[in-house]
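Participant: My questions are about this predicted structure, shown below with the sequence.
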Amino acid sequence: AIIQPKWETPILDFSNVSITSPTVGSSSIARGMWHQYGVEPATADGIYLEVQDLTEQEKSIPSLTGSLADLMGFNKSPVKLGQVLEEKTIREAVVAIPFVENNGVKQFFNISREQVQQALLSLRGANKEEVKVGQSIIDMVDKVRHYVFPPKFDFITNTTINPVAMYIFEFEHTLT
């Protein structure tokens with residue numbers, strides 16, 4: 001089992017940062033991420049997430065209380081949050097979904113659900129002889145799995161949606 005924050009930002013140390021008072025305006029001075037330059041906390045310093053059991057004094061009826069952490073298989077070691085990575089690769093894509101307009105109605109180019117299933121089989125390592133779908137469909141399905149699509153086009157997550165042809169142009173950059 002895993003416990004983690006929904007999202008995480010770098011946590012920096014601003015304790016030794018000098019602050020400057022504004023010449024006009026409020027006398028309160030903000031200290032932090034958007035106001036000064038912080039430094040990475042020392043190895044032992046920082047903010048940690050930790051799962052702990054209740055102490056014996058905190059249990060109202062000790063015989064009826066057990067460790068939920070043990071039951072769920074949680075790691076009880078503290079984990080340091082907000083550590084800055086040496087590098088991070090970010091990805092995004094531009095998606096073009098072709099259609100024709102017929103009497104004011106968009107008509108997309110449908111792909112059969114069977115072709116999507118065949119592509120998923122291929123991506124899971126099926127023998128090439130078993131897979132009866134072209135490489136372009138396999139590539140498209142693979143790319144769809146990597147991104148969050150609007151629900152009406154997410155035919156991987158929602159199998160009741162008719163799959164449509166998409167051109168997915170990926171871009172990536174490594175931040176250092």
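Facilitator: Everything's here; your move.
Participant: residue ranges of the helices in the chain, please?
Facilitator: Taking DSSP state H, the helices of the chain run over residues 68-72, 113-123, 135-146.
Participant: low-confidence ranges in this protein?
Facilitator: Applying pLDDT under 70 to the chain flags the ranges 1, 22, 25-27, 62.
Participant: Show me it divided up by domain.
Facilitator: Following automatic domain parsing, one finds the domains of the chain at 1-84, 88-175.
Participant: so how far is the first residue of the last one from its last?
Facilitator: From its first residue to its last, domain 88-175 covers 5 Å (CA to CA, to the nearest Å).
Participant: do the same with stretch 52-66
Facilitator: 12 Å.
Participant: which residues touch it?
Facilitator: Contacts to stretch 52-66, defined as CB atoms under 8 Å, 6 or more residues apart in numbering, come from residues 67-70, 76. In this view, the C-beta of every residue, glycine as well, is placed from N, C-alpha and C.
Participant: Mind doing that once more with 7 Å?
Facilitator: 67, 69, 76 (CB atoms under 7 Å, 6 or more residues apart in numbering).
Participant: Could you report the neighbour count for residue 119?
Facilitator: As a burial measure, residue 119 scores 26 neighbours (other CB atoms under 10 Å).
Participant: for it, what are its contacts?
Facilitator: Contacts of residue 119 by CB under 7 Å, 6+ apart are 133, 137-138, 141.
Participant: ok, now with 8 Å
Facilitator: 131, 133, 137-138, 140-142.
Participant: what does residue 50 give?
Facilitator: Contacts of residue 50 (CB under 8 Å, 6+ apart): 76-79.
Participant: Residue 170 now?
Facilitator: By CB under 8 Å, 6+ apart, residue 170 lies in contact with 91-93, 143, 146.
Participant: sorry, back to before: of the domains of the chain, flag the one that's most buried.
Facilitator: Across the domains of the chain, the average number of neighbours (mean count of other CB atoms under 10 Å) peaks for domain 88-175, which reaches a mean of 13.
Participant: for that one, the distance to its chain's centre please.
Facilitator: 19 Å (CA atoms, centre = their mean, to the nearest Å).
Participant: just to revisit the earlier point, which pair of the contacts of residue 170 spans the longest distance?
Facilitator: Using CB to CB, the two most remote members of the contacts of residue 170 are 92 and 143, lying 11.5 Å apart.
Participant: Tell me who's in contact with residue 95.
Facilitator: So residue 95 contacts 147, 149, 166-169 (CB under 8 Å, 6+ apart).
Participant: Apart from its neighbours in sequence, what residue is nearest residue 106?
Facilitator: residue 99 (4.5 Å; CB to CB, 6 or more residues apart in numbering).
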